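Visitor: predicted model follows, preceded by the sequence.
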Amino acid sequence: MKEKEIKTTVVIPNYNGKERLRDCLTFLGRCKGTGFVTLVVDDASTDDSCRMVKEFFPNVRLIRRKENGGFARAVNTGIRAAKTEFVLLLNNDTIPEPGFVKALEDMLIKNKRFFSASAKMLSMSEPEKIDDCGDRYSALGWARSIGKGESSSRFTAPAVVFSACGGAAIYRREALMEMGLFDELHFAYLEDVDVGYRAQLYGWKNVFCPDAVVYHAGSATSGSRYNAFKARLSARNSIYLAVKNMPLLQFLLNLPLLIIGFALKTAFYLMKGLGGAYIRGFWQGVALSLSAEGRKKRVRLGMRGFFTYLRIQLVLWRNILAL
């Protein structure tokens, strides 16, 4: 296929994920349908990942970063390097089914209002169960994976979601370049919810694509579902996410619910023995939101976006009931 006919670049961020990455690239190479470019962005791995890619996958483009800058910086490197209409982000601990890329690509081709499409992510250890079908975000300041732990048979129809899960999702590259790439101040966690939120502020929609199936190992980088690293960054980024995307009046409107949400999360992490990490992250999020760097990232649409903000606010309230 001629390069100009290729619509999608698959960007895989990698940090010390040699064995998982080998499986991911092997199964990705078996995907049928339209052609695509595969690009691995290595975040200064020390486990020989780069040598493995060069030796066994010569057709895969490799970009080697000199330091680990986190998920957002890695995928931004890949997005900037891509030349295609779409960019498909894929975690290195995933195994896609053969029709995966084409299904996601077709979803955006058929509907010009969709900014992103989230894959049907299944648990690798329990493939009959959902790992993620896109994300919800509520006025409590909580983001949650849709369908996690539920039967995959319940999720067979496309549906609009608050944001796509960046572990396996396709995006319009031109829209990303226009409204800004993934926010690197997040480092990791919630950067995909942030970009989905921002896309809605710009008038786009995000959708779940049930025909794009991928199996996900989960927590391959941080090591476990609950740990101090994740607890701290989740708290930090939750604060930053709300302050960044909500104008002052909307933030004040949601403040009582946000306080309740963070209090409940603090109690949860205390029971997990991670309360200290979560509370540290909370104050780090406050500091980040008030910093000059954080203030520069705030989305400012003014009164032009009033009805957009109103529509999103109704979704934030509705998603409390869906949690």
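Guide: Nice, thanks for sending it over.

Visitor: residue closest to the middle of the protein?
Guide: residue 166 (2.5 Å; CA atoms, centre = their mean).

Visitor: quick one, strands of the stretch 1-150 of the chain?
Guide: Under the criterion DSSP state E, counting those that start in this stretch, the stretch 1-150 of the chain contains strands at 8-14, 36-43, 61-65, 86-90, 94-96, 114-123, 130-132, 135-137, 143-145.

Visitor: wait, doesn't the residue nearest to the centre of the chain sit right on residue 191?
Guide: Yes: between residue 166 and residue 191 there is a contact under CB atoms under 8 Å: 6.7 Å. C-beta: built from backbone N, CA, C; applies to glycine.

Visitor: shared neighbours, those two?
Guide: Common contacts of residue 166 and residue 191 (CB atoms under 8 Å, 6 or more residues apart in numbering): 71, 182.

Visitor: returning to what we had before: mind listing what the nearest residue to the residue nearest to the centre of the chain once chain neighbours are set aside touches?
Guide: Spatial nearest neighbour of residue 166, excluding adjacent residues (CB to CB, 6 or more residues apart in numbering): residue 192 at 3.3 Å. By CB under 8 Å, 6+ apart, the contact set of residue 192 is 135, 163, 164, 165, 166, 167, 169, 182.

Visitor: if any of those residues are buried, give me the ChimeraX selection for them.
Guide: To isolate the buried subset of the contacts of residue 192 in ChimeraX, counting by 16 or more other CB atoms under 10 Å, use the following:
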select :135,163,164,165,166,167,169,182
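
Visitor: okay, the contacts of residue 192 in TSV with distance to residue 144 next?
Guide: Shown next, in TSV, are these (distance: CB to CB, whole Å):
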residue	distance to residue 144
135	7
163	11
164	14
165	11
166	15
167	14
169	16
182	20
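
Visitor: between the contacts of residue 192, which is nearest residue 73?
Guide: Within those, the smallest distance to residue 73 is 8.1 Å, found for residue 182 (CB to CB).

Visitor: of the strands of the stretch 1-150 of the chain, which is nearest residue 257?
Guide: The minimum distance between residue 257 and the strands of the stretch 1-150 of the chain falls on strand 135-137, with 12.3 Å, by CB to CB.

Visitor: no further questions, thank you.
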